[in-house]
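[1] build me a structure from this.
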Amino acid sequence: MCGIAGFYNAEGNYQQQKEKWASVLTSMHKCLAHRGNDESGIYLSDMTGLSHARLSIRDIVTGKQPIIRQKNGKEYAIVYNGELYNTGELARDLRQSGYEFSTTTDTEVILYAYMQYGASFVRKLNGIFAFAIWDDSKKELLLYRDRVGIKPLFYSFVSGQLLFASEPKALFCFPGFTPRLSMDGMREVLAIGPARTMGNGIFDDVNEVLPGHYLIFSENTMSDHTYWDLFRAPHTDSYEQTVE
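    Residues are numbered from 1 along each chain as shown. Sure, this is the predicted structure:
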């Protein structure tokens, strides 16, 4: 497993205090080092910062994150935690569309798939994952989570800035974020713990990207998209058909 974190502000310019914000990103991935301590990396642009703590499994040599690619003069970047089971199938289709791979990681496949198919490409993914993609062409940050929420992903806001991370404590590294216990969260811990209601936690103003959802942040607006939901229908097969 790996750890991802970062921040986004459509009206800011993190490059004006580059050393400060790079230090914040470093603090974030250090906070997540127990999720992966083989490598770490950061990406910082005017509007966004991405941070990654890596557990090296696939492509140990060239698989360092964030992965950054260019298309039509615009930059795309990704930090990713997960495992993709249909990497080969997607990579084959992307090669046929003209993409050239410089790694054998599923991370690069996911980034190229987004660049090729757009935000709803996640429906093509078969795996467990949580990842963030920065799209410089649209000035958007996108957060994705797998269908049943195997990989965690939390987010919050401070002074109009989006923060996200694999674990809430990495959010606390951001200047101005003060963790406060949520009364509803404490009720859940004391009443139903270790279970909890999906989307709820013990800290005020810390939200969870729901399973089967992705979020798009653009110009200080947020849209929540459901790409998968469990379908339920009456079971009408006979006993014999069911056994078969």
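[2] longest strand anywhere in this structure?
    Of all segments of type strand in the chain, defined using DSSP state E, the longest is strand 74-84.
[3] so for the helix or strand just after that strand, what gets flagged as buried?
    Proceeding N to C from strand 74-84, the next assigned helix or strand is helix 87-96, under DSSP states H and E. By 16 or more other C-beta atoms under 10 Å, the buried positions in helix 87-96 come out as 87, 90-91, 93-94. Heads up, the C-betas are built off the backbone N, CA and C, glycines and all.
[4] same thing with stretch 93-112?
    Residues of stretch 93-112 classed as buried: 93-94, 99, 105-112 (neighbour count, 16+ other C-beta under 10 Å).
[5] in helices only, show me the residues you listed.
    93-94, 106-112 (DSSP state H).
[6] of the buried residues of stretch 93-112, closest to Thr178?
    Nearest to Thr178 out of the buried residues of stretch 93-112 is Thr107 (C-beta to C-beta; 33.0 Å).
[7] so who does the closest one touch?
    Counting by C-beta atoms under 8 Å, 6 or more residues apart in numbering, Thr107 touches 63, 65, 67, 78, 80, 131.
[8] what about stretch 24-41, how long is it end to end?
    One end of stretch 24-41 to the other measures 12 Å (C-alpha to C-alpha, to the nearest Å).
[9] for the record, mean pLDDT for that stretch?
    Per-residue pLDDT values over stretch 24-41 give a mean of 94.
[10] cool, stretch 181-194 as well?
    pLDDT averaged over stretch 181-194 gives 86.
[11] can you check stretch 71-80 too?
    The model assigns stretch 71-80 a mean pLDDT of 96.
[12] how close does the residue nearest to Leu111 when sequence neighbours are not counted get to Glu188?
    Spatial nearest neighbour of Leu111, chain neighbours left out: Ile78 (4.4 Å); criterion: C-beta to C-beta, 6 or more residues apart in numbering. Separation of Ile78 from Glu188 (C-beta to C-beta, to the nearest Å) stands at 32 Å.
[13] and those two? Which one has more around it.
    Taking other C-beta atoms under 10 Å, Ile78 and Glu188 do not tie; Ile78 has more neighbours (25 against 18).
[14] give the contact list for that one.
    50, 65-67, 107, 110-111, 114, 131-134.
[15] try Arg54
    Here Arg54 is in contact with 2, 36, 38-41, 63-65 (criterion: C-beta under 8 Å, 6+ apart).
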